[in-house]
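[1] Okay, predicted coordinates and the sequence, questions at the end:
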Amino acid sequence: MIFKIKKSAKYYEECMYIESNYYVFKKKPKTKVHSLLNVYFFAFWLILGMMIGCFFVPFLRIISIVFWPLFLVYGYLFFETRYKLKEYLKGTETIVKIDDMGIESTKDNAYSLKLSWDAVEKVIINKNTICFLPNNFAYMAIFCNSEYKDEVLKWLKKTKKIDLLID
C-alpha cells in the first residue's frame, strides 16, 4: 500500500509532539497528544507570570533567578517549533509505503526511512496521525495521516500484525 501524506499543521504538530515525547509514548502509548506550540506557549507565559510575581514578594526575589533561564529556554523552544512547522509545511510530498518487509517513508525522492516489521513495537492511531513506533531508539518513528486508518487496519489484520495496534 502506498499513501501520499497530506500536509496540515495539526498533522505536523502531532508528529513533533510524539517525536519530542518518544520515551513517554514507548512507556504509555495511550498518552493524549497535545499541540507542542500550545504547551510551550503556556509554559512561557506561566514562567513569565511567576517571575513577575517573585519581584513583588521580597523573599522570593532570589527564586526569580531560576525562572530567567527557564523563560529563555521555553521562549526559544516556542519560536523554534513555529519555525520547524513552517518549514515542514513548505516541503514537498512525502510517500509512505507499507508492505510485507516493513514501512518506508520517502521524502522528495531524495531520502527515505525504512522500518522493518521486526523493529516495530507499536502502531499508535491518534486524531491526525498513525505512528509506527520502533522498539529500538536507534530508529525513527514513521508517520502517516489518520485518514488512511481503515486501509492500515485492514492490512494489519490481513498480515496478522494487529497485536501491534494501540488505538
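    Right, received. Where do you want to start?
[2] alpha carbons only for contacts and neighbour counts from here, please
    OK.
[3] Can you name the residues that contact Ile95?
    Residues near Ile95 by CA atoms under 8 Å, 6 or more residues apart in numbering: Ile2, Phe3, Lys4, Ile5, Ser105, Thr106, Lys107.
[4] so which of these is the most crowded?
    Counting neighbours by other CA atoms under 10 Å, Ser105 comes out on top of the contacts of Ile95 with 23 neighbours.
[5] what about that residue, which SS state?
    Secondary structure, DSSP: H, G, I helix; E, B strand; the rest coil: Ser105 is strand.
[6] Tell me what it is bridged to.
    Val96, Leu113 (DSSP bridges).
[7] Touching, it and Asp99? I think so.
    No - contact criterion CA atoms under 8 Å: Ser105 and Asp99 do not qualify, at 11.7 Å.
[8] shaky segments in this structure?
    Residues of the chain meeting the criterion pLDDT under 70: 34, 36, 59-60, 162-167.
[9] Could I get the full set of strands for it?
    For the chain, the strands defined by DSSP state E cover 2-4, 94-98, 102-107, 111-116, 120-125, 129-134, 142-145, 165-166.
[10] Would you mind telling me which of those is nearest Tyr12?
    Counting by CA to CA, Tyr12 lies closest to strand 129-134 out of these; the figure is 8.7 Å.
[11] Please point out which parts of the longest helix belonging to the chain sit buried.
    Identified as the longest helix of the chain according to DSSP state H is helix 64-90. Using 16 or more other CA atoms under 10 Å as the test for burial, helix 64-90 gives Ser64, Phe67, Phe71, Tyr74, Gly75, Leu77, Phe78, Thr81, Leu85.
[12] which residues does the fifth one contact?
    For Gly75, the contacting residues are Tyr40, Phe41, Phe44, by CA under 8 Å, 6+ apart.
[13] Does the second one touch Phe78 like I think?
    Read it as Phe41. Yes - the criterion here is CA under 8 Å, and Phe41 meets it with Phe78 at 6.3 Å.
[14] related to what we said a few turns ago, among the contacts of Gly75, which one lies nearest to Leu133?
    Tyr40 (23.9 Å).
[15] Identify the residue spatially nearest to that closest one, adjacent ones excluded.
    Phe78 (5.3 Å; CA to CA, 6 or more residues apart in numbering).
[16] Most distant residue from the centre of this protein?
    Each residue of the chain has a distance to the centre, and by CA atoms, centre = their mean the biggest one is for Pro58: 41.3 Å.
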